[in-house]
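Sequence and predicted structure, then a few things I'm wondering about:
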Amino acid sequence: MYLTPVQTLGMILAVAAGTQLTRWLPFWLFPEHKKPPAVVTYLGHVLPPACMGLLVVYCLKDVTWLSGAHGAPELIAILAVAALHRWKGNVLLSIAGGTALYMFLVQAVFA
């Protein structure tokens, strides 16, 4: 598909405007000197753990518990992530450490 220069410019401007709108909108809706609504504060406390739970369930949805390694690499990696995060409190370290351990387990230990 070939776009004319005007169409290309229009597409770039539309994407840039959409990106900027999503960046500025929270600051316009909830200025620094005003307290956010209770529902926004509530969602700020509830959504992060809910998202983490959803990711864990999504990661475990295709594990075959009754054959192969019986989910051992996944469970070991999850425990490692939880332990690393409890120990250091660093999200990136927890994710990287758990991922590295999981990859080692599935490629070297449970291969």
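Right, received. Where do you want to start?

Select the longest helix from this protein.
When the chain is parsed with DSSP state H, its longest helix is helix 5-29.

for that one, what is the average pLDDT?
For helix 5-29, mean pLDDT is 96.

next helix or strand past it?
helix 38-60 (DSSP states H and E).

Tell me how far that following helix lies from the chain's centre.
Its chain's C-alpha centre and that of helix 38-60 lie 10 Å apart, by Cα atoms, centre = their mean, to the nearest Å.

and the longest helix of the chain, which residues are buried?
Buried residues in helix 5-29, counted by 16 or more other Cβ atoms under 10 Å: none are found. All C-beta atoms are positioned from the backbone trio N, CA, C, and that covers glycine.

repeat for stretch 92-110
Per 16+ other Cβ under 10 Å, stretch 92-110 contains these buried residues: 94, 97-98, 101-102, 105.

Equivalent analysis for stretch 68-87, please.
Applying a neighbour-count criterion of 16+ other Cβ under 10 Å, one finds 69, 73-74, 76-78, 80-81, 84-85 buried in stretch 68-87.
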